[in-house]
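Asker: Using only what follows, build the 3D model:
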Amino acid sequence: MNELKKLQALDLETKILKSKQRIREWYYHFGRSVYISFSGGKDSTVLLHLVRSEFPDVPAVFVDTGLEFPEIREFVKTIENVIWIKPKMNFTQVVEKYGYPLISKDQARFIYQYRTAKSEKTKNLRWNGDEKGRFKISEKWKPLVDLDFKISDKCCDIMKKTPSKKYEKETGRVPFIGTLAEESNARTCNWNKYGCNAFDNDRPTSKPLSFWCEKDIWEYIKINNLAYSEIYDKGYKQTGCMACGFGIGHPKSRNKMSLLKETHPKVYRYAMEYLGLGDVITFMENNCGVKKHNKE
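Answerer: Numbers count the residues shown, from 1 in each chain. Purely as a prediction, here's the structure:
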């Protein structure tokens with residue numbers, strides 16, 4: 001953690017040099033068989049520019065889940081050498097089979113595992129945690145366990161990681177991924193375990209921006225006069241799938257469904273009415289301390 005904090009405190013010029021060094025190491029280690037995981041978001045836009053400033057011919061891969069913001073899709077179409085791939089299941093099918101992505105990946109996974117557990121040991125772990133009280137459903141979200149509404153963390157794996165892994169298997173290429181360690185505890189832990197370049201991981205990945213901060217991303221975009229998706233000018237700090245429920249209920253963030261209602265009302269109604277998220281959010285507001293938002 002101390003090493004990560006030291007790296008995060010560096011000036012942008014030094015961060016760029018260090019990231020380019022990691023990019024070169026990755027590129028040459030795998031004999032140039034690499035690609036850029038390109039979501040169309042601000043982080044992967046910076047990653048794309050950094051990688052191609054060193055190696056212009058590296059292809060980018062965009063996973064078209066069907067729930068990307070139209071502003072993201074239009075922006076991706078403006079970028080050269082981008083390969084579009086699709087998942088086998090659509091969002092509705094994933095939700096109906098496994099459950100809705102809600103709250104956070106960890107909490108959604110814990111709720112799903114508790115509900116589907118075949119052993120009391122697993123149920124006890126997810127309800128009470130380990131000896132240090134970790135790896136459990138938060139007290140705040142335990143009321144959701146009894147709801148007749150499926151919740152899980154499976155969506156990202158099925159709709160994004162699976163088609164990406166299929167592409168990697170077919171081509172032999174390994175990815176550059178534009179995630180930041182500061183975005184979540186899971187990403188911080190991943191950096192602590194592997195650093196930026198996970199050469200020995202089961203799925204080798206390079207995350208050369210891991211020690212950057214969000215302010216660095218925007219500074220880099222400004223300095224280099226990079227084009228970016230207009231979705232950020234509509235109030236969104238993160239993009240991802242439009243109807244994703246991760247982040248709902250976070251005390252420091254605006255309820256994303258309120259913003260979605262303003263910017264993309266058809267998708268809002270699809271999630272709230274057709275998929276039943278509206279009733280769940282009402283329950284969360286009444287029983288889990290989630291701040292209310294206008295659903296009229």
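
Asker: Walking through the stretch 101-250 of the chain, point out its strands one by one.
Answerer: 102-103, 174-176, 197-198, 205-206, 245-246 (DSSP state E, counting those that start in this stretch).

Asker: Let me know which of those is tucked in deepest.
Answerer: Most buried of these by mean neighbour count (mean count of other C-beta atoms under 10 Å) is strand 102-103; its value is a mean of 26. Placement of C-beta: from N, CA and C, glycine included.

Asker: Give me the helices and strands touching that strand, please.
Answerer: If contacts are counted by 3 or more C-beta pairs under 8 Å, 6 or more residues apart in numbering; DSSP states H and E, strand 102-103 sits against strand 245-246.

Asker: The strand it packs on: what's the following helix or strand?
Answerer: The helix or strand immediately downstream of strand 245-246 is helix 256-263, counting by DSSP states H and E.

Asker: Present the strands of the stretch 101-250 of the chain as JSON lines; the columns should include distance to residue 221 and mean pLDDT.
Answerer: Below are those laid out as JSON lines (distance: least, C-beta to C-beta, whole Å; pLDDT from 0 to 100):
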{"stretch": "strand 102-103", "distance to residue 221": "30", "mean pLDDT": "93"}
{"stretch": "strand 174-176", "distance to residue 221": "18", "mean pLDDT": "98"}
{"stretch": "strand 197-198", "distance to residue 221": "24", "mean pLDDT": "96"}
{"stretch": "strand 205-206", "distance to residue 221": "21", "mean pLDDT": "97"}
{"stretch": "strand 245-246", "distance to residue 221": "24", "mean pLDDT": "90"}
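
Asker: could those strands be laid out in TSV, adding distance to residue 124?
Answerer: Output for these, formatted as TSV (distance: least, C-beta to C-beta, whole Å):
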stretch	distance to residue 124
strand 102-103	21
strand 174-176	37
strand 197-198	32
strand 205-206	33
strand 245-246	26
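
Asker: And these: which comes nearest residue 155?
Answerer: For these, the distance to residue 155 is smallest for strand 245-246, at 8.9 Å, taking C-beta to C-beta.

Asker: by contact count, what packs against that closest one?
Answerer: Against strand 245-246 (3+ C-beta pairs under 8 Å, 6+ apart) you get strand 102-103.

Asker: What lies in contact with the strand it packs on?
Answerer: The contact list for strand 102-103, computed with C-beta atoms under 8 Å, 6 or more residues apart in numbering, reads 108, 141, 144, 151, 245, 246, 248, 249, 280.

Asker: Restricted to buried residues, select the residues you listed in PyMOL.
Answerer: Buried residues within these, by 16 or more other C-beta atoms under 10 Å, are selected in PyMOL with:
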select buried, resi 108+141+144+151+245+246+248+249+280
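
Asker: Need the contacts of strand 102-103 in a markdown table (columns: distance to residue 157).
Answerer: Below are those laid out as a markdown table (distance: C-beta to C-beta, whole Å):
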| residue | distance to residue 157 |
| --- | --- |
| 108 | 11 |
| 141 | 21 |
| 144 | 21 |
| 151 | 15 |
| 245 | 16 |
| 246 | 13 |
| 248 | 19 |
| 249 | 22 |
| 280 | 21 |
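
Asker: Of the contacts of strand 102-103, which is the nearest to residue 77?
Answerer: The nearest member of these to residue 77, counting by C-beta to C-beta, is residue 246 at 25.9 Å.

Asker: Can I get the strand or helix carrying residue 61 in PDB, CA atoms only?
Answerer: According to DSSP H and E, residue 61 maps onto strand 60-63. The C-alpha trace of strand 60-63 is given here as PDB (Å, rounded to 0.1, in the frame of the first residue of the first chain):
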ATOM      1  CA  ALA A  60      -8.200  -2.500 -29.900                       C
ATOM      2  CA  VAL A  61     -11.100  -4.700 -28.900                       C
ATOM      3  CA  PHE A  62     -14.600  -3.400 -28.000                       C
ATOM      4  CA  VAL A  63     -17.200  -5.600 -26.400                       C
END
